[in-house]
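Student: With the sequence up front, the predicted model follows.
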Amino acid sequence: MTAIDLPHPTVAPAESASGRIRHIAARVAIYGILILWAFICLFPIFWTVTTSFKIAPDVMKGNLIPFVDFWPQWKGWQSLGLSPDTIFQTSTVRDEFLKRFWNSVVASVVASFLALVIGSLAAYGLSRFSYRFLWMRNKDISFFFLSQLILPPVVLALPFLVLYKEIALLDTRVGLILVYTLMVLPIVIWIMRDQFKAIPVELEEAALVDGLTVWGAFLRIVLPIALPGMVAAFILALILCWNEYFFASLLTSTEAKTLPVMVASQTGSQGINWWAMAALSTAAIAPLIIVGIVLERYIIAGMATGAVK
């Protein structure tokens, strides 16, 4: 009995070539869309940075490309006392900028940390235990927290003004920290709840069998696993607090004023000082860019595990 050689299936050269062309065209289209979207996202930052090195005629003419459309100058940075020829000189504007910068750092970092601690505990409880408050269960309580983001901040203007005046928290960093913590707490709870739900309960049960308490299992088992999501939640809360303008302008006047309020104040009787505003905005967004670059791997890990949705 002899073996019969069956013909191997072959793909027509025309079909193979058309398939490769479709594959290449699809990849070109995808990368083209991604490049276009990256350009759209990065152009405002590019415009802000380049405007900080322009003078009035360059701003009015709409020149964009440095060394081609215009020659960069330090006029915007000189108005803040941050140019190379003024950095070592006494400058009241630079002192004011550093004060506002420090206010933003303290209020944003402390509020984000408090929101992360409180929000993580609340999210862990909602993901591991069953609660009942009046007619609300866990899902209702979680939605209640998220619904706080729907409330327009202007609705809270008068209550906060009256309350802060009574307890002497107007124009203080403590007042800003408290309101910022309340502002970002709902989003932190939702992010961390999803993060804790992704961690198997069996790990904690095994830790309890080995003799750990509930707190011990939470601190030694759950938190190290949830660290990427916590970092992602902290960075998101930090960005929201750093860029917040409404409450900062409402509840502060001189001592606790932050950078967004200072940026918005770069106007006068002659109009908007675009180069100074751009320099101030560049100095304001630079720390967030540095934080994002340094903690990039934690952000990606948190997004990959479902922490950010």
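Tutor: In hand now; what should we look at? Residues are numbered from 1 along each chain as shown.
Student: Tell me which stretches of the stretch 201-309 of the chain form helices.
Tutor: 201-209, 214-217, 223-242, 246-251, 259-264, 274-294, 296-304 (DSSP state H, counting those that start in this stretch).
Student: closest to Thr48 out of those?
Tutor: Among the helices of the stretch 201-309 of the chain, the nearest to Thr48 by CB to CB is helix 274-294 (5.1 Å). No exception for glycine: its C-beta is placed from N, CA and C like everyone else's.
Student: List the buried residues of the closest one.
Tutor: 274-285, 287, 291 (16 or more other CB atoms under 10 Å).
Student: Can you tell me which of the residues you listed is nearest Pro260?
Tutor: Using CB to CB, the buried residues of helix 274-294 come closest to Pro260 at Ala284, 7.4 Å.
Student: contacting residues around the residue lying closest to the closest one once chain neighbours are set aside?
Tutor: The shortest distance from Ala284 to any non-neighbouring residue, by CB to CB, 6 or more residues apart in numbering, is to Leu259 (4.6 Å). Residues near Leu259 by CB atoms under 8 Å, 6 or more residues apart in numbering: Arg100, Phe101, Asn103, Ser104, Trp242, Leu280, Ala284.
Student: got the angle for the helix ranked longest in the chain vs helix 274-294?
Tutor: Counting by DSSP state H, the longest helix found in the chain is helix 13-51. Calculated by axes from the mean of the first three to the mean of the last three CA atoms, to 10 degrees, helix 13-51 forms an angle of 130 degrees with helix 274-294.
Student: what's helix 13-51 packed up against?
Tutor: helix 274-294 (3 or more CB pairs under 8 Å, 6 or more residues apart in numbering; DSSP states H and E).
Student: rewinding a little: which one among the buried residues of helix 274-294 gets closest to Phe234?
Tutor: Distances from Phe234 to these, taken as CB to CB, are shortest for Val291 (9.6 Å).
Student: So the nearest residue to that closest one once chain neighbours are set aside versus Phe97, what's the distance?
Tutor: Of all residues beyond its chain neighbours, the one nearest Val291 is Ile235 (6.6 Å), with distances taken as CB to CB, 6+ apart. Counting by CB to CB, to the nearest Å, the gap from Ile235 to Phe97 is 24 Å.
Student: List the residues that contact Glu244.
Tutor: Per CB under 8 Å, 6+ apart, neighbours of Glu244: Tyr180, Met183, Thr258, Pro260.
Student: Let me know the secondary structure of the nearest residue to Leu163 once chain neighbours are set aside.
Tutor: Counting by CB to CB, 6+ apart, Leu163 lies nearest to Leu169, which is 7.9 Å off, once chain neighbours are set aside. State at Leu169, reduced to three classes by DSSP: H, G, I helix; E, B strand; the rest coil: coil.
Student: quick one, strands of the stretch 51-200 of the chain?
Tutor: Counting by DSSP state E, counting those that start in this stretch, one finds no strands in the stretch 51-200 of the chain.
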